[in-house]
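Peer 1: I need the structure of the sequence given here:
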Amino acid sequence: MEFEVDRLNMELIASILSSSDLASVLENAEEMIGNNDTLKGKYIVNLSEDRVSALIDSLSDYLVSNGVDEFGELNSLGYRLENIIDIFSIE
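Peer 2: Model prediction:
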């Protein structure tokens, strides 16, 4: 399955997964090149269904540990992670 992810989100995902075996998946992502400004700074990430599940699990774990404030509410990182998880969610 292919997913389109912008550069800032790719950088965040890479930092979260840096010690994971999923990090190698990000190295295979291809930056979209073209004259169309809407494509600049975006990457195509190609993942199997199992890898998608593992990625969502890792991001969700990080969200729970770092994306909520002391009252259990999402902080700015939590909202950002939630949006990234939505990109990879399969409907």
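Peer 1: Checking my notes, S20 in a strand, right?
Peer 2: No: applying DSSP: H, G, I helix; E, B strand; the rest coil, one finds S20 to be coil, outside a strand.
Peer 1: Quick check: phi and psi on it?
Peer 2: Main-chain dihedrals, S20, degrees, to the nearest 10: phi -110, psi 160.
Peer 1: so it makes contact with L59?
Peer 2: No: the criterion here is Cβ atoms under 8 Å, and S20 misses it with L59 at 10.6 Å. Where you see a C-beta, it was placed from the backbone N, CA and C, and this is true even at glycine.
Peer 1: quick one, which of the two is more surrounded?
Peer 2: With neighbours defined as other Cβ atoms under 10 Å, S20 and L59 compare such that L59 has more, 22 against 13.
Peer 1: Does that one belong to a helix, a strand or coil?
Peer 2: Put simply, L59 is helix when judged by three-state DSSP.
Peer 1: Excluding covalently adjacent residues, which one is nearest to it?
Peer 2: Spatial nearest neighbour of L59, excluding adjacent residues (Cβ to Cβ, 6 or more residues apart in numbering): I85 at 5.3 Å.
Peer 1: what's the spacing between V45 and A54?
Peer 2: Going from V45 to A54 by Cβ to Cβ, to the nearest Å gives 13 Å.
Peer 1: In the helix or strand D50 falls within, which residues are buried?
Peer 2: Assigned by DSSP states H and E, D50 belongs to helix 49-66. Neighbour-count burial for helix 49-66 flags 51-52, 54-56, 59, 62-63 (criterion: 16 or more other Cβ atoms under 10 Å).
Peer 1: can you give me the angle the following helix or strand past that helix makes with helix 49-66?
Peer 2: Sequence order places helix 76-88 as the next helix or strand after helix 49-66, per DSSP H and E. Orientation of helix 76-88 against helix 49-66 (axes from the mean of the first three to the mean of the last three Cα atoms, to 10 degrees) gives an angle of 170 degrees.
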